[in-house]
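model this:
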Amino acid sequence: MRTLSRRVWLLLGLATVLAVVLLYLNSRRPAARVTIVQATRETFRSSISSNGKVEPITPYSLRAKFDGFVERVVASEGKNVKKGELLLTMNDRDIRAQLAQARAQLASQQDDLRAAQAGGRADQAAKLSADVKSAAAEQNLLQRQQESLTKLAAQNAATSEEVEKNHAALEHADASVDQARKAKQEFERQAGLDRERLELLVEHSQALVNDLEDKADSARVVAPASGTLYSLPVHAGDYVHTGDLLADVADLRSVRVRAYVDEPELGQLERGQTVVVSWDALPGRTWVGKTDVLPRQVVALGTRNVGELLCTITNADMDLIPNTTVDVRIEINERADALVVPRGAVQIDGSHRYVYRFDGNRLHRTEIRVGLSNATEFQVVSGIEQGDTLALPGGTPLRDNMAVRVANPDSE
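Predicted structure coming up:
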């Protein structure tokens, strides 16, 4: 029993010695190294960074108005053109032939319409009127004869056979007058129907002639305005279909950039804010403009939800070309003599923001209040002072009262 007790005490002693040794060794471990920065005062600019696409403000897209071959290309892509300058021509022989046929058909229909508007063909109308007059004259003559024969028969000066014969002739004359009048009425009714039909035909034919004239005129493709011919996708001998693009012209001295701004940042946008555009193809170059049309809806763009902000950009040298993808920086606010720290020095805990202030050889977790921000920095409103030294998080998690030493890149 005593032997067992001695063993227990021996094990406890060894454990105690081991714990002391470990504590000693741990205290001898070098402190974690951290990179430090200082809080400085400077003119702080808050901005939104995004991407966008260059577009002409007032583009003119010239498209083929009929199927056919491109006959001749006069202009060159990328060149400046003046309003009315010839760009290319199309073969319009088929269109011209169709136009001549349509004009002849229209002229014939217009002649028929004028006749219908005058009450029908003059010769037919005159004949029908003459038929009515002739039948009416015959009717009047027989009517007078009937009255005279009736009186004479009463005086036994005419026979009943003469009266009956004249009466039969009068009935036939009455029928002839009725028939002539109906024929004239039917002619006039048909003339009215023909007038309506011909008016529609003339209207349709006139529209066809106008359309063909427009197509024939479009065979000479000219610049609708002065500007840059920034797209000319066709060549002489190409066959194009109606609606195919022939050329794009626009004044590129001022362009529009459609910037894609992430949904959480839309509330900071206003009209007239300064916009700075850069393009990877021309490093070191920037173009400046203003926000113009604010987003009115949020749309999906890949995995992002964005609003489309339209910006007007000055492009005096016309080096910024349509359909290019550019980087966009929108200047939101500017604050002079602001206390500024890098974003990497600020950590977030719920609604609180804090930094690790370096004092001597230890860190002190310090809560701060921030104001403006941009992609790389925060403006600090309170919590630290100018010149305070702050630690940047690295491979070792930072904590309050942690012993650290400053990383010295020159000693690596």
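
what mean pLDDT would you report for stretch 213-230?
Here stretch 213-230 scores 95 as its mean pLDDT.

how far does it stretch from start to finish?
Counting by Cα to Cα, to the nearest Å, you get 28 Å between the two ends of stretch 213-230.

Buried residues of that stretch, list them for me.
By 16 or more other Cβ atoms under 10 Å, the buried positions in stretch 213-230 come out as 215, 216, 218, 219, 221, 222, 223, 227, 228, 229, 230. Any C-beta I mention is one placed from the backbone N, CA and C, and that applies to glycine too.

In a markdown table, list those along with distance to residue 238 and secondary structure.
Converted to a markdown table, the buried residues of stretch 213-230 look like this (distance: Cβ to Cβ, whole Å; DSSP: H, G, I helix; E, B strand; the rest coil):
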| residue | distance to residue 238 | secondary structure |
| --- | --- | --- |
| 215 | 18 | helix |
| 216 | 19 | helix |
| 218 | 16 | coil |
| 219 | 14 | coil |
| 221 | 13 | strand |
| 222 | 18 | strand |
| 223 | 19 | coil |
| 227 | 23 | strand |
| 228 | 22 | strand |
| 229 | 17 | strand |
| 230 | 19 | strand |
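
Just give me the closest of those residues to residue 16.
Closest approach between the buried residues of stretch 213-230 and residue 16, by Cβ to Cβ: residue 230, at 84.6 Å.

The closest one contacts residue 77, doesn't it?
Yes. The pair residue 230 / residue 77 is scored as a contact, 7.2 Å apart, by Cβ atoms under 8 Å.

The buried residues of stretch 213-230 into TSV, with extra columns for distance to residue 175?
What follows is the buried residues of stretch 213-230, written out as TSV (distance: Cβ to Cβ, whole Å):
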residue	distance to residue 175
215	58
216	59
218	63
219	64
221	70
222	71
223	75
227	80
228	83
229	80
230	82
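
Identify the bridge partners of residue 299.
Note on residue 299: beta-bridge partners by DSSP bridges are residue 306.

Start the count at 37 instead of 1 going forward.
Fine by me, first position is 37 from now on; the one you just mentioned is residue 335.

That one: neighbouring residues, count only.
For residue 335, the tally of surrounding residues (other Cβ atoms under 10 Å) stands at 12.

just residue 80 next, same as before
With other Cβ under 10 Å as criterion, residue 80 counts 21.

Which residue is the nearest non-sequential neighbour of it?
Of all residues not flanking residue 80 in the chain, residue 374 sits nearest, at 3.7 Å (Cβ to Cβ, 6 or more residues apart in numbering).

Likewise for residue 153?
Spatially, and ignoring its direct neighbours in sequence, residue 153 is nearest to residue 231 (5.7 Å; Cβ to Cβ, 6+ apart).

cool, and residue 323?
Using Cβ to Cβ, 6+ apart and skipping residues adjacent in sequence, the residue nearest residue 323 is residue 313, 4.5 Å away.

In contact with that neighbour, which residues?
Going by Cβ atoms under 8 Å, 6 or more residues apart in numbering, residue 313 touches 88, 293, 322-325, 347, 349, 356, 362-365.

repeat that for 7 Å
293, 322, 323, 349, 362, 364 (Cβ atoms under 7 Å, 6 or more residues apart in numbering).
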